[in-house]
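**Student:** Below: sequence and its predicted model.
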Amino acid sequence: MGKVLLACLVALAAALIMTPVAKWLAPKVGAIDKPNARKVHSRLMPRMGGLGIYAGFVAALLVYFGFSREIMGLLVSSSLVFAVGIVDDIKGVSPGVKLLGQVAAAVIFIACGGYIKYLTNPIGGDIIFLDYWGIPVTLLWLVGISNAVNLIDGLDGLAGGVSAIAAITMAIVAFSTGYNTAAVLAIFLVFALIGFLRYNFSPAQIFMGDSGSLFLGFTLAALAIMGFAKGATMISLVIPVLILGIPIFDTFFAIARRYQEGKPIFQADKGHLHHRLLAIGLSHKQTVVIIYAITMFMGVAAILLTLISSAQAVLILFIILLISLIGARRLGVLHGAGNKKNQKAEGK
């Protein structure tokens, strides 16, 4: 326990030191976020704050763990995603190059044994061995969550706070189910995020940039696989989806919305949850707090699923999905026509 505490303090200290370093370095290397019609901020902002998060997490990992195959796989693959994000923060890279980097990182992680091998049928209870089919499923999961966290990074403190809450929930569930390595790693990520959020809460001094959001998404997705997502139960499959519910649902709704509007699914818009909450009159801080609260609710639901039967879990999941769909439709997050109507009312 003493070594865990030491590693947590190292993560916090490294993030507190390296985030200001990133803030100082960003203008010198061109890592500046410029305001535009889609973005909420109205002034030039340094990005590349992901350097603080990455430094904190990796420093803690090196202090606490030896170089096992699984840990090395996480370290190398997440470092590759971080490197792609850094290049994008500084120079900008095409979506295709970013995707290629994420796929390469996922392949490295999978090659080190990090992939889902079996699931359980929630109805019949029988085990479904995915065998090598688990590789494309894992690839889709890693790349999907990386981009999902990237999509919610639109307000000061939002992606960092949501990721911290998700990591705390992961740690609780992983400890309770015996996946101690994943739990400890999740705690290290929380402390690294606390150090970064010191400079990212509204009004932010620095943005995390793609170096932070892609690294966070990939690492959270990898930790889910290293932990309970390896378990042969329906609950172990659903828990990480609930924990990461905000980025996952927001991404799903964005794809559905853009499809209805006849737009490319990768085209940015102002229809994300945080945009719609701002549009109905909530302040920046109120919007962030509400999304934090929703993430906490999802986290509590995920913990609850470990304590109840599969039938009860399915019922809870159905209720959560129904509430999410209704809320998304009313806010204009899901339905393209709703967005157009709201934008007209806002004079856009």
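**Tutor:** That came through fine.

**Student:** ranges for the helices of this protein?
**Tutor:** In the chain, the helices defined using DSSP state H lie at 2-29, 50-64, 69-90, 95-111, 134-151, 158-176, 180-197, 209-226, 234-243, 245-260, 273-279, 284-305, 310-331, 336-345.

**Student:** Ranked by average pLDDT, which of those helices falls at the bottom?
**Tutor:** Among the helices of the chain, helix 336-345 carries the lowest mean pLDDT, a mean of 42.

**Student:** who touches stretch 58-70?
**Tutor:** Stretch 58-70 is touched from outside by 3-4, 6-8, 10-11, 14, 71, 74-75, 79, 112-114, 181, 184-185, 188, 191-192, 226, with contacts defined as Cβ atoms under 8 Å, 6 or more residues apart in numbering. Just so you know, the C-beta spots here come from the backbone N, C-alpha and C atoms, and that holds for glycine as well.

**Student:** Would you list the buried entries among those residues?
**Tutor:** With neighbours counted by 16 or more other Cβ atoms under 10 Å, the contacts of stretch 58-70 contain buried members at 4, 7-8, 10-11, 14, 71, 74-75, 112, 114, 181, 184-185, 188, 191-192, 226.

**Student:** if I look at residue 283, how far off is residue 56?
**Tutor:** 29 Å (Cβ to Cβ, to the nearest Å).

**Student:** Compare these two and say which one has the larger neighbour count.
**Tutor:** Neighbour comparison, residue 283 and residue 56: the larger count goes to residue 56, with 30 against 11 (by other Cβ atoms under 10 Å).

**Student:** Look at residue 158 and say how many residues are nearby.
**Tutor:** Quick note: residue 158 (other Cβ under 10 Å) scores 27 neighbours.

**Student:** so it makes contact with residue 288?
**Tutor:** Yes. When contacts are counted by Cβ atoms under 8 Å, residue 158 is listed as touching residue 288 (5.3 Å).

**Student:** okay, and the common contacts of the two?
**Tutor:** Common neighbours of residue 158 and residue 288 are listed as residue 274 (criterion: Cβ under 8 Å, 6+ apart).

**Student:** Kindly export stretch 284-293 (C-alpha atoms) in PDB.
**Tutor:** C-alpha atoms of stretch 284-293 as PDB (Å, rounded to 0.1, in the frame of the first residue of the first chain):
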ATOM      1  CA  HIS A 284     -20.200  26.700 -18.800                       C
ATOM      2  CA  LYS A 285     -19.700  25.500 -15.200                       C
ATOM      3  CA  GLN A 286     -23.300  24.300 -14.800                       C
ATOM      4  CA  THR A 287     -23.000  22.200 -18.000                       C
ATOM      5  CA  VAL A 288     -19.800  20.600 -16.800                       C
ATOM      6  CA  VAL A 289     -21.300  19.800 -13.400                       C
ATOM      7  CA  ILE A 290     -24.400  18.300 -15.000                       C
ATOM      8  CA  ILE A 291     -22.300  16.000 -17.200                       C
ATOM      9  CA  TYR A 292     -20.200  15.100 -14.200                       C
ATOM     10  CA  ALA A 293     -23.400  14.100 -12.400                       C
END
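
**Student:** Just give me the neighbour total for residue 162.
**Tutor:** Around residue 162 there are 28 residues (other Cβ under 10 Å).

**Student:** Pull the contacting residues for it.
**Tutor:** By Cβ under 8 Å, 6+ apart, residue 162 lies in contact with 149, 152, 246-247, 291-292, 295.

**Student:** roughly how far apart are residue 81 and residue 100?
**Tutor:** 11 Å.

**Student:** Sorry, wrong one. I was asking about residue 13.
**Tutor:** Using Cβ to Cβ, residue 13 is found at 34 Å from residue 100.

**Student:** Residue 109 now?
**Tutor:** Using Cβ to Cβ, residue 109 is found at 15 Å from residue 100.

**Student:** got it, and residue 323?
**Tutor:** From residue 323 over to residue 100 the distance is 37 Å, taken as Cβ to Cβ.
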